[in-house]
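S.K.: What follows is a predicted protein model with its sequence.
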Number of protein chains: 2
Amino acid sequence: MGYQTRPDIRPLQDRILVGDCITELKKIPAGTVDLVFADPPYNLQLSGGLTRPDQSKVDAVDDHWDQFESFEAYDRFTKGWLAECRRVLKPDGALWVIGSYHNIFRVGSILQDMGFWILNDVVWRKTNPMPNFRGRRFTNAHETLIWASRDADARYTFNYEAMKVFNDDLQMRSDWTLSLCTGAERLKNADGDKLHPTQKPEALLHRVLLSTTKPGDTVLDPFFGTGTTGAAAKALGRHFIGIEREDDYAEAALARIDAVKRLPPEALQVTTSKRAEPRIPFGSLIERGLVKAGDMLFDPSTRIAARVRADGSIAIKDASGSIHKIGAHVQGAEACNGWTFWHVKKGANLVPIDMLRQQLRAEMAAAA
Amino acid sequence: MGYQTRPDIRPLQDRILVGDCITELKKIPAGTVDLVFADPPYNLQLSGGLTRPDQSKVDAVDDHWDQFESFEAYDRFTKGWLAECRRVLKPDGALWVIGSYHNIFRVGSILQDMGFWILNDVVWRKTNPMPNFRGRRFTNAHETLIWASRDADARYTFNYEAMKVFNDDLQMRSDWTLSLCTGAERLKNADGDKLHPTQKPEALLHRVLLSTTKPGDTVLDPFFGTGTTGAAAKALGRHFIGIEREDDYAEAALARIDAVKRLPPEALQVTTSKRAEPRIPFGSLIERGLVKAGDMLFDPSTRIAARVRADGSIAIKDASGSIHKIGAHVQGAEACNGWTFWHVKKGANLVPIDMLRQQLRAEMAAAA
DNA sequence: AGCAGACATGAATCACCGT
DNA sequence: TACGGTGATTCATGTCTGC
């Protein structure tokens, strides 16, 4: 495959190179790429199957490309593609990598060892993650992105003002709340099943490209998949180079990017809806000392009392559970809003615990 | 400093060892600690010619313990204290480490290389982070915690149900929204300045200890600082061992923990799981007369019926076996919880046999 | 057509005990 | 120690089905 090495002629732009990641990377001239976005295999190390409580099977990522013999093998693989990315980056270029706890610590260490300079780690906080079906761990509700410049002294691109406007005039934080790629955005095969096991949401790539590239920049994605990076790049007036090993994915990506139109600005706005904001659970009031474990809660008539426990459950004579469950139980009702049903005694007054939650909300807002 | 090595005598509990982290760790007997919580130095200032702007010098973390020559030096230090923590942990023990992008990737990689098994990475999402004054990066609004068991097959402690109640009856996620340690909670020196540069909020430790330890467990903090871990441990009825190099911090920590009130036992009682309850075989229900041999059990739709036999098995037309096996069989499923699948008729009502089991458990508890 | 309820699904390192 | 039996466990969202 021939190409010009003169930097002002860039025939590799807006194309997908089909083949092995490192082999194809070697075809790209040194110092020609502004930004790398990489979504490498996570090395999940799954064993056995997993079923939901309703006995249905979880469709796990068990593809061959995610199988590595050992951490050492994964590290070798990582060093290989990162070294090539480093070569093709411009001196002031930067790189993003996304991963989970299975692989991101290894990627981060290797980046640092190679001389990349970490600028931020960014958390993608998922609004709708898969639950932990067996109740053995915390819901794995986020993934981690690392943003690093090629070198410690690089004059990297950061569109601070754009991101601030984007975020309702507040500085953009290192935690981003976004939903999974589902519904119409998720590419399907002829059977109606997901085409790619790990397609990323375009909103994520929009934010990455909007914050750390300029219009006309060239973005390289060495694990292109179904081309989310390419789609976002085209919509935002950036150029892309994709590398993808699987023919099927590359073809789907081409068709997808072909259909992309520049998105209207309002589609890019950050979700600031109440829905996306984290709730304040009753447990937080105990953590913060607004209610103390051992305190008593009362119903409006003060005939019923319940004792608060360290985990945010409350206990009556013969039962314990959440403020909502026990509130319903003592009323013989199906459901109950524990926040308005239960009260604490403040001197002679009876104060609903919802007042304490509002107080905590105010404290958190004032501190921010 | 003398101590007993007999594991049933643990004079090191609820004490602060003042001295170098690794030196003091070596004094702790192997296999005696349930949980490690570590907040190691992490504001790496690699002295490779990088200078810091003057205006940030006053309040920044520039203590001598926080300086490392290189990533290699930091890795050596990390491997040293982690190896000792591994030694003192019980086989089913676990460890938490908190850090930022400066160090957490190195810590995570080393943990994996040493055989620790990562269970979750947890994001502490700060409600009130320090803004990025220069506007060159995203506001660094989170820190990362890694929760790992000593070994891949360890039977680690996770109080799933307690955390679920805590979070208003929803699974606790891997992102925790908490504010910084400020106000009255923040320890001050005689001049009214903060005593320690990185004092963690007690709410964070409350959640860590509540989720991954049991009352009476021993928690080791090798970078004790002003003793947040000790304060939370005492309040929650856990034992602590602290290691701290600076006399001033250790002294402040002691006074602080002394002032902490232990929660009453009834407040420490936390929501428990069915898993923890004593196992009752179906045959016991027959022995006790709650179900009689010859009775019929029904699936939720009452379309399927099975006859109870004297030995605790149940029989349908063409098969017999346990409540679980036959439940799975009639559904064509791989597995089935017979306790919730099968019901008995009580008048017009259909009652799951799990209700009868609960009744029996209550009877047994009353008798004991 | 419109609504209510059932159904499907997402990068997942997802038991434990007794023999 | 390997194996088999018991039995515990899910949230948000989009699509489909049936009335």
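M.R.: Cool, got the structure. All values derive from a computational prediction rather than experimental measurement.

S.K.: Checking A:Trp65 next. Helix, strand or coil?
M.R.: Secondary structure assignment for A:Trp65 (DSSP: H, G, I helix; E, B strand; the rest coil): helix.

S.K.: make that A:Leu297, sorry
M.R.: Per three-state DSSP, A:Leu297 ends up strand.

S.K.: what sits against it?
M.R.: If a contact means C-beta atoms under 8 Å, 6 or more residues apart in numbering or on different chains, then A:Leu297 has A:291, A:305-308, A:314, A:323, A:342-344, A:353 as its contacts. Glycine gets a C-beta too; all of them are placed from N, C-alpha and C.

S.K.: Then A:Trp65?
M.R.: A:Trp65 neighbours (C-beta under 8 Å, 6+ apart): A:41, A:245.

S.K.: cool, and A:Lys345?
M.R.: A:296, A:298, A:351.

S.K.: Low-confidence ranges, the stretch 1-150 of chain A, go.
M.R.: For the stretch 1-150 of chain A, the stretches with pLDDT under 70 are A:1-11.

S.K.: How about the spatially most central residue of chain A, nearest residue that isn't a chain neighbour?
M.R.: With distances taken as C-alpha atoms, centre = their mean, the residue of chain A nearest its centroid is A:Trp124 (2.2 Å). Nearest non-adjacent residue to A:Trp124, counting by C-beta to C-beta, 6 or more residues apart in numbering or on different chains: A:Glu143, 4.7 Å away.

S.K.: Where does that neighbour sit, in terms of helix or strand?
M.R.: strand A:142-149 (DSSP states H and E).

S.K.: and the lengthiest helix in chain A, which residues are buried?
M.R.: When chain A is parsed with DSSP state H, its longest helix is helix A:71-88. In terms of neighbour count (16 or more other C-beta atoms under 10 Å in any protein chain shown), helix A:71-88 has its buried residues at A:74-75, A:77-78, A:81-82, A:84-88.

S.K.: what's near enough to touch A:Asp14?
M.R.: A:230, A:234, A:239-241 are the contacts of A:Asp14 under C-beta under 8 Å, 6+ apart.

S.K.: What count of nearby residues applies to the closest residue to DNA strand C within the stretch 251-368 of chain A?
M.R.: Closest to DNA strand C within the stretch 251-368 of chain A is A:Glu334: 13.6 Å, counting by C-beta to the nearest atom of the strand. A:Glu334: 6 surrounding residues under other C-beta atoms under 10 Å in any protein chain shown.

S.K.: helix or strand for it, which one?
M.R.: Counting by DSSP H and E, A:Glu334 is part of no helix or strand.

S.K.: what about it, distance to A:Gln358?
M.R.: Distance of A:Glu334 to A:Gln358, computed by C-beta to C-beta, to the nearest Å: 26 Å.

S.K.: which intervals of the stretch 151-300 of chain A have sub-threshold pLDDT?
M.R.: Residue ranges of the stretch 151-300 of chain A with pLDDT under 70: A:263-276.

S.K.: Single out the residue in it that lies closest to DNA strand C.
M.R.: Across the stretch 151-300 of chain A, the shortest distance to DNA strand C (C-beta to the nearest atom of the strand) belongs to A:Thr198, at 3.6 Å.

S.K.: returning to what we had before: the longest helix of chain A near DNA strand C at all?
M.R.: No - contact of helix A:71-88 with DNA strand C is not found when judged by C-beta under 7 Å from any atom of the strand; the minimum separation is 8.2 Å.

S.K.: From the contact counts, what lies against whatever helix or strand comes next after that helix?
M.R.: Using DSSP H and E, the helix or strand that follows helix A:71-88 in sequence is strand A:89-99. Packing partners of strand A:89-99 (3 or more C-beta pairs under 8 Å, 6 or more residues apart in numbering or on different chains; DSSP states H and E): strand A:33-38, helix A:104-114, strand A:142-149, helix A:202-212.

S.K.: Distance to B:Asn189 added to these, as CSV?
M.R.: Shown next, in CSV, are those (distance: least, C-beta to C-beta, whole Å):
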stretch, distance to B:Asn189
strand A:33-38, 46
helix A:104-114, 35
strand A:142-149, 36
helix A:202-212, 40
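
S.K.: right, and those - which one's nearest B:Leu209?
M.R.: strand A:142-149 (22.2 Å; C-beta to C-beta).

S.K.: which neighbours does the closest one have in its sheet, and in what orientation?
M.R.: If you go by DSSP bridges, strand A:142-149 pairs up with strand A:89-99 (antiparallel), strand A:117-126 (antiparallel).

S.K.: quick one: the residue lying closest to A:Gly312 once chain neighbours are set aside and A:Val122, what's the gap?
M.R.: In space, and not counting its chain neighbours, A:Gly312 is closest to A:Gly283: 3.4 Å by C-beta to C-beta, 6+ apart. Taking C-beta to C-beta as the measure, A:Gly283 falls 27 Å from A:Val122.

S.K.: got a list of what the spatially closest residue to A:Phe68 that is not a sequence neighbour touches?
M.R.: Excluding the flanking residues, the one nearest A:Phe68 by C-beta to C-beta, 6+ apart is A:Tyr74, at 4.4 Å. Neighbour list for A:Tyr74: A:43, A:68, A:103, A:106 [criterion: C-beta under 8 Å, 6+ apart].

S.K.: what does A:Ser179 give?
M.R.: Listed by C-beta under 8 Å, 6+ apart, the contact partners of A:Ser179 are A:126-128, A:201.

S.K.: Of those residues, which are in range of DNA strand C?
M.R.: Filtering the contacts of A:Ser179 for proximity to DNA strand C by C-beta under 7 Å from any atom of the strand leaves A:Asn128.
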